[in-house]
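Undergrad: I would like to see how this sequence folds:
(chains A and B)
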Amino acid sequence: MTHISVAPGPGRCYLRTQDGRLSVRALHRDPHGARVGLIANGALLLSGDRVHVEIDVADGAWLEVVESTGTVAYRGEQPSSWTVDATVGDGAALSWGSLPFVVSDNATTHRGTRLRLHGTGRALLQEKIVLGRAGQFGGDIAMSLDAVDDSGPLQREHLDLSQPARVLPGILGRLRALDTVTALGWTPQPPEGLVAGLSGAGETWFPLDRSGSVFRWIGGGLFQDTLGDPTFTAWRAELLAKYPRRDATPPRRAAPQPPAPTLATRFGG
Amino acid sequence: MSTSSLLLALLGDARLPSGGHTQSAGLEPALRAGTTPAEVPAYLRARLRTVTRVEAGTAVVARAVAAEGGDLDAVEAAWAARTPSPALRANGRRLGRGYLRVLQTLWPGPTDDRARHWARPVVLGLLAHRADLCPVDLARLVGYDDAQTVTAALLKLEPGDPLQATAWVRDLLPDIDRMARQLAPLRTPDEIPSGGAPLIERWAQTHDTTTERLFSA
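TA: Numbers count the residues shown, from 1 in each chain, chains lettered A, B, ... in the order given. All right, here's what the predicted structure looks like:
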């Protein structure tokens, strides 16, 4: 299990981490929060792998999680899983922009996120799912989100994207990629350029019933997705605006940056 | 035949004046997005696995909560958290008001002021409690009504053989029954299924901004 907890501290925030299948590297720290990178300890996600990340963002703190590489769920007899359990305190913020998660042929995997917001806590998540590597149809994935705050449920969704279910009209049909940006705890506006459209592929903005917004793009391949990253970037700026940060540079969204030397060394191994 | 069976027939009848004639259960935008009439049986199965299951589970839990004198607002909140599309939430609440009129006229009783804002499955659960419709029949009603709504709308949108459309619903009956038996024991809002259908939800939003349409949803 990988664990990350952050709390405000004098001069520099308190950051406690525990490595599991994913290692945690602090990329930036200030008195209120931290940006951390997740690095896979070896090949992920193999048959039977269970990656679990626990996050605790204390009252008033911010935490930004970035991934260094995308993840491939490989084929195998045993199902694999990637689960996240996060608690965000009053006045706190969590941002996690995932890189593409690719489901190989004959893989069976589950991505699950549980999120508890307290008080005025906010969270922003981005998940990119691709069904199949190049030339593949893709294996089975189930995705779930269970988000609550002090008043009750915010969003609850279980997507059965196993092959027999997802090909049905109204689920995904012939489409094979999703990009979902979920803001919880506030309701950011849709990105400029969003067109309702009538065809299967495209993007949609869903203001949730209580406090939250979901942007979801569905299409044939992520290269067609032009609004997912700008939406995440804009909503992230809103999320983190109230925290005075010495380093306000976006971590990776505008243009790919070469990894820091320490990360490059680790990848080489 | 138990009273519950006759109640099921009464409530599942398209002639029930509850506002069902305005509905296509998402079929109108689905056809506009390229779904073909031949794919309608698969579309019915997609709904039964996802949005209809949420609807039926919500109704069953609302019935159980009403029977125990619990707070139906919590059931409404659970349904809303499982319904990301604001167009579908607004439609569900519009239909809820239609069923509230059925409830207050046919099975009158003290009703919470907040009931005017409850979605159809929540009101339907309260109605089932008051009318003594058993949980499995309640879930069957939701599943059956959804399938009939799709196929009836198809006949208006893409006229074809009405018996073929009826055969598709007949073929789905075992699946509806299986879903109903699975959902009938549910008791608490947390147990309500949360299956999502990304394209159905997207189409509901695009349909909401379309001016030329036959059905409201």
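
Undergrad: from here on, contacts and neighbour counts on C-alpha atoms
TA: OK.

Undergrad: where in the chain is pLDDT low?
TA: Reading this off chain A. A:196-200, A:245-269 (pLDDT under 70).

Undergrad: that's the wrong chain, I meant chain B
TA: B:1-2.

Undergrad: for the residue nearest the centre of it, which non-adjacent residue is closest in space?
TA: Taking C-alpha atoms, centre = their mean, the centroid of chain B lies closest to B:Val142, which sits 4.7 Å from it. Nearest non-adjacent residue to B:Val142, counting by C-alpha to C-alpha, 6 or more residues apart in numbering or on different chains: B:Ala56, 5.5 Å away.

Undergrad: same question, A:Gln155
TA: Leaving aside its sequence neighbours, A:Gln155 sits nearest to B:Ala81 (C-alpha to C-alpha, 6+ apart; 4.4 Å).

Undergrad: burial measure for the one you found, as a count.
TA: 24 (other C-alpha atoms under 10 Å in any protein chain shown).

Undergrad: try the one 10 residues further on
TA: B:Asn91 is surrounded by 18 other residues when neighbours are defined as other C-alpha under 10 Å.

Undergrad: same check on the one 4 residues further on?
TA: B:Leu95 is flanked by 21 other residues according to other C-alpha under 10 Å.

Undergrad: equivalent analysis for the one 3 residues further on, please.
TA: B:Gly98 has 19 neighbouring residues, counting by other C-alpha under 10 Å.

Undergrad: need the three-state assignment for B:Ala14.
TA: coil (DSSP: H, G, I helix; E, B strand; the rest coil).

Undergrad: that older thread, which of the helices or strands spans the residue nearest to B:Val142?
TA: Per DSSP states H and E: B:Ala56 is located in helix B:51-67.

Undergrad: what lies in contact with that helix?
TA: Residues from elsewhere that reach helix B:51-67 (C-alpha atoms under 8 Å, 6 or more residues apart in numbering or on different chains): B:47, B:71-72, B:75, B:78-79, B:82, B:121-129, B:135-136, B:138-140, B:142-143, B:146, B:179-180, B:183-184, B:186-189, B:192-197.

Undergrad: which PyMOL command selects the buried ones in these?
TA: Entered in PyMOL, the line below selects the buried ones among the contacts of helix B:51-67, by 16 or more other C-alpha atoms under 10 Å in any protein chain shown:
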select buried, chain B and resi 47+72+75+78+79+82+121+122+123+124+125+126+127+128+129+135+136+138+139+140+142+143+146+179+180+183+184+186+187+188+189+192+193+194+195+196+197
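
Undergrad: of the contacts of helix B:51-67, which belong to strands?
TA: Assignment to strands by DSSP state E places none of the contacts of helix B:51-67 there.

Undergrad: so how far is chain A from B:Thr166?
TA: 20 Å (C-alpha to the nearest C-alpha, to the nearest Å).

Undergrad: can you check B:Ala80 too?
TA: In this view, B:Ala80 and chain A are 6 Å apart by C-alpha to the nearest C-alpha.

Undergrad: which residues touch the nearest residue to that residue once chain neighbours are set aside?
TA: Nearest non-adjacent residue to B:Ala80, counting by C-alpha to C-alpha, 6+ apart: A:Asp209, 6.1 Å away. Contacts of A:Asp209 were listed using C-alpha under 8 Å, 6+ apart, and they are A:154, B:80-81, B:84, B:86.

Undergrad: save those residues as JSON lines, and put in distance to A:Asp90 too.
TA: Below are these laid out as JSON lines (distance: C-alpha to C-alpha, whole Å):
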{"residue": "A:Leu154", "distance to A:Asp90": "16"}
{"residue": "B:Ala80", "distance to A:Asp90": "24"}
{"residue": "B:Ala81", "distance to A:Asp90": "21"}
{"residue": "B:Pro84", "distance to A:Asp90": "24"}
{"residue": "B:Pro86", "distance to A:Asp90": "27"}
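
Undergrad: and B:Pro29, how close does it get to chain A?
TA: For B:Pro29, the distance to chain A - C-alpha to the nearest C-alpha - is 8 Å.

Undergrad: count residues in the vicinity of residue 80, would you?
TA: By default, I'm working from chain A. So A:Ser80, with other C-alpha under 10 Å, has 23 neighbours.

Undergrad: ah, I was thinking of chain B
TA: 24.

Undergrad: hmm, B:Arg89 and it touching each other?
TA: Yes - between B:Ala80 and B:Arg89 there is a contact under C-alpha atoms under 8 Å: 6.7 Å.

Undergrad: picking up where we left off before, what about the residue nearest to B:Val142, how many neighbours?
TA: B:Ala56 - counted by other C-alpha under 10 Å - has 31 other residues nearby.

Undergrad: and for B:Ala167?
TA: B:Ala167, neighbours per other C-alpha under 10 Å, totals 14.

Undergrad: give the burial count for A:Val167, as a bare number.
TA: 17.

Undergrad: can you give me the distance of the closest residue in space to it that isn't next to it in sequence to A:Ala237?
TA: Distances taken as C-alpha to C-alpha, 6+ apart place A:Gly173 nearest to A:Val167, at 4.3 Å, with adjacent residues excluded. From A:Gly173 over to A:Ala237 the distance is 34 Å, taken as C-alpha to C-alpha, to the nearest Å.

Undergrad: cool, A:Leu46 as well?
TA: Counting by C-alpha to C-alpha, the gap from A:Leu46 to A:Ala237 is 35 Å.

Undergrad: of the two, who's got more company?
TA: Neighbour totals were compared for A:Leu46 and A:Ala237, and A:Leu46 leads with 20 against 13 (other C-alpha under 10 Å).

Undergrad: residues contacting the closest residue to that one other than its chain neighbours?
TA: Leaving aside its chain neighbours, A:Leu46 sits nearest to A:Tyr74 (5.3 Å; criterion: C-alpha to C-alpha, 6+ apart). Contacts for A:Tyr74 (C-alpha under 8 Å, 6+ apart) come out as A:44-47, A:103-107.

Undergrad: inside strands: which ones of the residues you listed?
TA: Among the contacts of A:Tyr74, the members falling in strands (DSSP E) are A:Val103.

Undergrad: which of the contacts of A:Tyr74 lies closest to B:Ala204?
TA: Using C-alpha to C-alpha, A:Val103 comes nearest to B:Ala204 of the contacts of A:Tyr74, at 27.7 Å.

Undergrad: residue boundaries of the strands in the stretch 51-200 of chain A?
TA: Along the stretch 51-200 of chain A, counting by DSSP state E, counting those that start in this stretch, strands occupy A:62-67, A:71-73, A:80-88, A:93-97, A:101-103, A:108-117, A:122-131, A:140-149, A:152-161, A:177-184.

Undergrad: does B:Arg202 touch A:Thr204 like I think?
TA: Yes - between B:Arg202 and A:Thr204 there is a contact at 6.1 Å, judged by C-alpha under 8 Å.

Undergrad: can you tell me how far B:Cys134 is from chain A?
TA: 27 Å.
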